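Participant: Below is the structure, and that's it, no one-letter string:
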């Protein structure tokens, strides 16, 4: 394990009987200094308040932005509908879709947003969706949140366009043909652009230019944002091959967000970036057991992952010290790690 002198950011200790590294006061200050000044004083991913014996969980605002960067979508649909004066119906919505096992997390997110929108089970029954589509809630609750607690991936560019479309809809521009064409100029730069039908119906539409992400955002990632983003995008693995056992923490993204993944290497002070020739995907990966024990586990102990992925993290954590101490070389130790592995990454 690297010494504190070589890694002044951290000073951890651990033992068989105390799995969790102890975070030094200096390291706490450094972790907290990554947060934006606009963050609430809460530094953990959740704030737990006990009232009359009940535990109330309130998600941290930056956790929600990080999770939305991973799982949220800003959607604008423009469909033929003869019931409308101009023949087209425009709808805008913010949505998060998750597996049914994470319904409780969606309820926490809806609660944070003052219970606007609704949560529904989609066809098939295994997916639940939180959706906000009324213009008043989008203008007064959803958009102000993301203006204050910034998105960091390329989804930020979609949010800026989405915000402009909602503004135009607030002015009833979507009820006139000329206003619709203005909306289409923005819609053409949102997500995957215009559908084939819209391109054929409005061939002269010129997409607006997408905004650029400021470099200083990537160099100052808020810790709660990282926790929220990891709750959506990260993977915790225990890999067993013969008598070899190792842990793997990873976050994969489209190659267009490679700068974000590179910033995670700096943020965690460990790991590397893997790029693939035949796929537009890149990954931030940490496999060295010392790095996992010194950097990854202490971070997620302080900034908790919410949702079903937390169970995978707990098993990942419980396997770390036995692997470090080579307990997997004994039958008893290996069986314990196999048991942990077999209960991870399940949809039940």
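Facilitator: Looks like it arrived, so ask away. Since the model is a prediction, treat every value here as computed from it, not as a measurement.
Participant: Flag every buried residue along whatever helix or strand residue 197 lives in.
Facilitator: Assessed by DSSP states H and E, residue 197 sits inside helix 196-201. Across helix 196-201, burial judged by 16 or more other CB atoms under 10 Å covers residue 198. All C-beta atoms are positioned from the backbone trio N, CA, C, and that covers glycine.
Participant: now do stretch 206-221
Facilitator: Buried residues in stretch 206-221, counted by 16+ other CB under 10 Å: 208, 213, 217-218, 221.
Participant: Stretch 117-135 now?
Facilitator: Per 16+ other CB under 10 Å, stretch 117-135 contains these buried residues: 117, 128-133, 135.
Participant: Neighbours of residue 302, how many?
Facilitator: Counted with other CB atoms under 10 Å, residues neighbouring residue 302 total 18.
Participant: Would you quantify the distance from the nearest residue to residue 72 once chain neighbours are set aside to residue 119?
Facilitator: Nearest non-adjacent residue to residue 72, counting by CB to CB, 6 or more residues apart in numbering: residue 96, 4.9 Å away. Residue 96 sits 9 Å away from residue 119, going by CB to CB, to the nearest Å.
Participant: related to what we said a few turns ago, next step: the buried residues of stretch 206-221 restricted to helices.
Facilitator: By the criterion of DSSP state H, membership of the buried residues of stretch 206-221 in helices covers 217-218.
Participant: got the buried residues of stretch 206-221 as a markdown table, with pLDDT columns?
Facilitator: Listed next are these as a markdown table, based on pLDDT from 0 to 100:
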| residue | pLDDT |
| --- | --- |
| 208 | 95 |
| 213 | 75 |
| 217 | 76 |
| 218 | 84 |
| 221 | 94 |
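Participant: Let me know the closest of the buried residues of stretch 206-221 to residue 285.
Facilitator: For the buried residues of stretch 206-221, the residue nearest residue 285 by CB to CB is residue 221; the value is 17.5 Å.
Participant: mind listing what that closest one touches?
Facilitator: Residues near residue 221 by CB atoms under 8 Å, 6 or more residues apart in numbering: 34, 152, 263-264, 267.
Participant: Could you pull up phi and psi at it?
Facilitator: Backbone torsions for residue 221, taken as degrees, to the nearest 10, come to phi -70, psi 130.
Participant: Now residue 94. Its backbone dihedrals?
Facilitator: phi -110, psi 130.
Participant: got the contact list for it?
Facilitator: When contacts are counted by CB under 8 Å, 6+ apart, residue 94 touches 72-75, 117, 131-133, 138, 142, 162.
Participant: ok, now residue 280?
Facilitator: Here residue 280 is in contact with 254-256 (CB under 8 Å, 6+ apart).
Participant: For stretch 281-289, which residues meet the burial criterion?
Facilitator: Neighbour counts over stretch 281-289 (16+ other CB under 10 Å) mark 282-289 as buried.
Participant: Out of those, which comes closest to residue 300?
Facilitator: Of all these, residue 286 has the smallest distance to residue 300: 11.8 Å, by CB to CB.
Participant: Tell me who's in contact with residue 326.
Facilitator: Residues near residue 326 by CB under 8 Å, 6+ apart: residue 333.
Participant: And the pLDDT at it?
Facilitator: You'll see residue 326 listed with a pLDDT of 94.
Participant: How about the one 5 residues further on?
Facilitator: We have a pLDDT of 92 for residue 331.
Participant: With residue 59 instead?
Facilitator: pLDDT, residue 59: 94.
Participant: circling back to that earlier point, okay if I get the buried residues of stretch 281-289 as a markdown table plus distance to residue 241 and pLDDT?
Facilitator: A markdown table is the format used below for those (distance: CB to CB, whole Å; pLDDT from 0 to 100):
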| residue | distance to residue 241 | pLDDT |
| --- | --- | --- |
| 282 | 24 | 95 |
| 283 | 19 | 97 |
| 284 | 22 | 98 |
| 285 | 17 | 98 |
| 286 | 18 | 98 |
| 287 | 13 | 98 |
| 288 | 17 | 97 |
| 289 | 15 | 97 |
